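**Student:** Sequence below, structure please.
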Amino acid sequence: MCRPAYYAVEYAINPWMDTTAPVDAALACAQWEELADIYTGLGHEVLRLEPEPGLPDMVYAANGAFVVDGIAYGASFRHPERRPEADAHEKWYRTSGWAFAEPEHINEGEGDFTYLPGRGLILAGWGFRTDARAHAEAADVFGRQVVSLRLVDPRYYHLDTALAPLDDDNIAYFPEAFAPGSRLLLERLFPDAVIADAEDAAGFGLNFVSDGRNVVVNAEAEGMARKLRDAGYEPVPVDLSELKKGGGSVKCCTAELRR
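**Tutor:** Prediction:
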């Protein structure tokens, strides 16, 4: 995770960003600290990447790489405003003892990649940020099957705004965010998935992090929390209203490190 010390909405590269809306930087930091405390309270270890001035989106640490089997597949950001973040992430992964794979194609880390260890399956999004060719590159890096899913709603510009793993084998997702063929593929692969509705998605209810039982989810997404509870999971709500102004919530702030 990366503390939002320099967080601001200084440009607009997704539909959620409004440069005229004020951002409370102190509140953003307090909300972020609460998220970090929730993780440690649930028994997870939080490692911190130091923020850098001039990079207001570094708080969205999930976008800097995608990690499976101890290998970090680095990010290559589409928008020039975020490209310097990739160097900061690469330095952190290399100095922290992870194997690092440099990307050839544009990809935005866990923003558009996620992993289901029970199936040995990588789900990968494309359509707005990540180049579809990065999916084949990731398959080469990890030696694992990659399922490509096309995103069609610009509000859900990253896979992690429209789909999230619940445990090692199952997911929750918002069908309308995906192209018809990708939607059909998800239906076939995950017949028992938790299905989000438009209100859930707009409340960033799919930008969550689950440890298989506890699901840390944006507090605004009350309907999604009910669906999670009904499915047998324990929702843990957290208010990230300030960080949502930049187009991210729980998952965007969290890079999961898989040994």
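**Student:** What are the boundaries of the strands in the chain?
**Tutor:** 65-68, 71-74, 99-101, 113-116, 121-126, 145-150, 163-165, 171-173, 194-195, 209-210, 214-218, 234-238 (DSSP state E).
**Student:** Rebuild the ones you listed as TSV, extending it with mean pLDDT, distance to Arg259 and mean neighbour count.
**Tutor:** Every residue, glycine included, has its C-beta placed from N, CA and C. Below are the strands of the chain laid out as TSV (pLDDT from 0 to 100; distance: least, CB to CB, whole Å; neighbours: other CB atoms under 10 Å):
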stretch	mean pLDDT	distance to Arg259	mean neighbour count
strand 65-68	98	9	26
strand 71-74	98	10	22
strand 99-101	98	11	16
strand 113-116	98	12	23
strand 121-126	98	16	23
strand 145-150	98	20	18
strand 163-165	98	17	26
strand 171-173	99	22	24
strand 194-195	98	27	17
strand 209-210	98	17	24
strand 214-218	98	20	25
strand 234-238	98	24	19
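**Student:** between the ones you listed, which one is nearest to Ala225?
**Tutor:** strand 234-238 (3.9 Å; CB to CB).
**Student:** From the contact counts, what lies against that closest one?
**Tutor:** helix 25-41, strand 214-218, helix 222-230 (3 or more CB pairs under 8 Å, 6 or more residues apart in numbering; DSSP states H and E).
**Student:** Tell me how far that strand lies from the chain's centre.
**Tutor:** Distance, stretch centre to chain centre, for strand 234-238: 17 Å (CA atoms, centre = their mean, to the nearest Å).
**Student:** Could you do stretch 151-164 as well?
**Tutor:** Using CA atoms, centre = their mean, the offset of stretch 151-164 from its chain centre is 10 Å.
**Student:** For that stretch, give me every contacting residue.
**Tutor:** The contact list for stretch 151-164, computed with CB atoms under 8 Å, 6 or more residues apart in numbering, reads 14-16, 62-63, 108, 110-114, 123-129, 149, 171-174, 176-179, 186, 201-202, 204, 206-210, 247, 251-252.
**Student:** One more: stretch 189-204?
**Tutor:** Contact partners of stretch 189-204, identified using CB under 8 Å, 6+ apart, comprise 147, 155-156, 161-162, 166, 170-177, 186, 205-206, 218, 220-224, 227-228, 231, 240, 244, 248-250.
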